[in-house]
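> with the sequence up front, the predicted model follows.
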Amino acid sequence: MATITSVRARVWTWKGPTVPPAGNFCTNASDILGERGDAMHSFRFHQWLTCEVEASDGTVGLGNAALAPTLVKRAIDDWLAPLVIGEDPFDHAMIWERMYRRTHAWGRKGIGMTAISAIDIALWDLMGKLVGKPVFKLLGGRTKARIPVYYSKLYAGPVAAMQEEAAAAVKAGYRAFKTRFGYGPADGMAGMRENLRRAEAVREVIGWDRDLMLECYMGWNLDYARRMLPQLAPLAPRWLEEPVIADDVAGYVALNAMNLVPIAGGEHEFSVMGCADLLRRGAVSVLQYDTNRVGGITAAQKINAIAEAFQVPVIPHAGQMHNYHLTMANANCPIAEYFPVFDVEVGNELFYYIFEGDPVAEGGFLQLDDATPGLGLTLSDRHRAHFEVME
Ligand code: MG
């Protein structure tokens, strides 16, 4: 039996070239304070955390997280690693409970749960490698021949450029597209028209046989969202994502109950019970927990079962391997988010630089290999010179 001998958390800070998008490429929770521009970048999206859990036979499981990496590293090093070392990785449910209950006073949401997530993902990768199976085969196996993905970019910018980008994505075979709004309550009616104009422009290019998703990244408030929904409904969006801040669950409930546009959210919700609460209250029509924040794959699988009972589809936030494995293994996960490979802009692209093994979408689908054990990711040496790595 292999036991866990070490847990190594590292923070990767990108020092290479970036192509920053426009200041209002996407609304965010600080817009309402009039701090547009710098605020989005202050989230330190150009940092990533990797977590390597090593077993006594030398096998290493690789997990990751991208929320406040320096703080998450501290939580892993100081608090969680000692709870994990010496355990059998296949006792992942008990390991999870111990991490959860021993950090409960301070760790239920945010940093603590993100640290648990990074370790849990590494444990699943480790289990897969130890038995020689891909993680999705341990989670339920293949539920689809390949994974449909949606094109996630189309940041708010000049209308012509957005249409050009959308046209190229249509040509590449994508059948679903997510665009970001650039304006919120501080921009008044004029901003509303700008938002609407861009959503209409993308719909015009992709036509009516493809899906349109709309992203607010918590940049609106309830009043603003209430007024936007009737204007957006004629565009038949598949969903409107995070219209208000994550704590305003009552706002999500009110907007979803309008039945004009399906409301999506959950990437800033944490834990099984947090997501169960969203489902029980009818806050979302599409649940988008983030696997590396919500408690890892162990928590994600429990949430998947609950969401299935509510008949709410789950589309995990962000395009990363752990999400692809969950999507493959769950019939209630119909499509995955996918960031097309581009230069480093807002930071979502960094995993292409830190890791090797992420599948590349072709014709709007991606595939997982039945033979590669674990999650199928390794740390890449190719771009190491562009990173400052904190051990
Ligand atoms: Mg989002």
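In hand now; what should we look at? Residues are numbered from 1 along each chain as shown.
> so what touches the host helix or strand of Gly63?
Gly63 is part of strand 60-65, with elements assigned from DSSP states H and E. The contact list for strand 60-65, computed with C-beta atoms under 8 Å, 6 or more residues apart in numbering, reads 48-55, 72, 89, 114-115, 117-127, 129, 292-293, 296, 320, 322, 351, 354-355, 374-375, 377-379. Every C-beta, even on glycine, is put in place using the N, C-alpha and C of the backbone.
> hmm, which of the residues you listed are the buried ones?
48-55, 72, 89, 114-115, 117-127, 129, 292-293, 296, 320, 322, 351, 354-355, 374-375, 377, 379 (16 or more other C-beta atoms under 10 Å).
> just the ones of those residues in strands?
Trp48, Leu49, Thr50, Cys51, Glu52, Val53, Glu54, Ala55, Phe355, Leu379 (DSSP state E).
> tell me the confidence at Asp31?
Asp31 carries a pLDDT value of 86.
> residues contacting it?
Ala39, Gly184, Pro185, Ala186, Gly219.
> ok, now Leu368?
Applying C-beta under 8 Å, 6+ apart, we find Leu368 in contact with Pro134, Phe136, Ile147, Tyr324, His325, Met328, Pro359, Gly376.
> mind checking the SS state of it?
What DSSP: H, G, I helix; E, B strand; the rest coil gives for Leu368 is coil.
> gap between it and Lys133?
12 Å (C-beta to C-beta, to the nearest Å).
> closest one of the contacts of Leu368 to Trp239?
Nearest to Trp239 among those, counting by C-beta to C-beta, is Ile147 at 18.1 Å.
> state the number of residues packed around that closest one.
Residues lying near Ile147 (other C-beta atoms under 10 Å) number 24.
> hey, what's it bridged with?
Leu366 (DSSP bridges).
> numbering from 301 from now on, please.
New numbering, starting at 301: the last item is Ile447.
> quick one: residues contacting it.
Ile447 neighbours (C-beta under 8 Å, 6+ apart): Tyr624, Thr627, Met628, Ile635, Ala636, Phe665, Leu666, Gln667, Leu668.
> got a list of what the second one touches?
When contacts are counted by C-beta under 8 Å, 6+ apart, Thr627 touches Ile447, Ile615, Pro616, Cys633, Ile635, Ala636.
> would you agree the third one is in contact with Asn592?
No - using C-beta atoms under 8 Å as the test, Pro616 is too far from Asn592 to be in contact (9.4 Å).
> what touches both of the two?
Listed as contacting both Pro616 and Asn592 by C-beta under 8 Å, 6+ apart are His622.
> follow-up on the earlier one: among the contacts of Thr627, which one has the most neighbours?
Neighbour counts for the contacts of Thr627 (other C-beta under 10 Å) peak at Pro616, which has 28 neighbours.
> for that one, give me the backbone phi and psi.
Phi and psi for Pro616, reported as degrees, to the nearest 10, are phi -50, psi 140.
> ok, it to Gln667 distance?
When distance is defined by C-beta to C-beta, Pro616 is 17 Å away from Gln667.
> what's the neighbour count on Gly664?
Number of residues near Gly664 (other C-beta under 10 Å) recorded here: 21.
> for it, which residues are in contact?
Shown in contact with Gly664 (C-beta under 8 Å, 6+ apart): Pro448, Val449, Tyr451, Ala472, Gly473, Tyr474, Arg475, Ala476.
> now do the strands in the stretch 501-650 of the chain.
For the stretch 501-650 of the chain, the strands defined by DSSP state E, counting those that start in this stretch cover 511-515, 539-541, 563-565, 586-587, 636-638.
> contacts for the second one?
Contact with strand 539-541 is made by 478, 513-517, 525, 529, 532, 555, 561-565, 585-586, 588, as judged by C-beta under 8 Å, 6+ apart.
> okay, buried residues for that strand please.
The neighbour-count criterion (16+ other C-beta under 10 Å) identifies Trp539, Leu540, Glu541 as the buried residues of strand 539-541.
> closest to Trp406 among the residues you listed?
Glu541 (28.9 Å).
> any idea how far the closest one lies from Leu532?
From Glu541 to Leu532 the distance is 12 Å (C-beta to C-beta).
> what do the two both touch?
Taking C-beta under 8 Å, 6+ apart as the contact rule, Glu541 and Leu532 both touch Leu514.
> what's the first helix or strand after the longest helix along the chain?
Determined from DSSP state H, the single longest helix within the chain is helix 411-431. Later in the chain than helix 411-431, the nearest helix or strand by DSSP H and E is helix 435-439.
> does anything pack onto that next one? Which helices or strands?
helix 411-431, helix 596-610, helix 621-629 (3 or more C-beta pairs under 8 Å, 6 or more residues apart in numbering; DSSP states H and E).
> now do that helix: distance to the chain's middle.
Relative to the chain's own centre, helix 435-439 is displaced by 19 Å; criterion: C-alpha atoms, centre = their mean, to the nearest Å.
> go ahead and confirm Val614 touches Ile603.
Yes - with contacts counted by C-beta under 8 Å, Val614 reaches Ile603, the gap being 7.1 Å.
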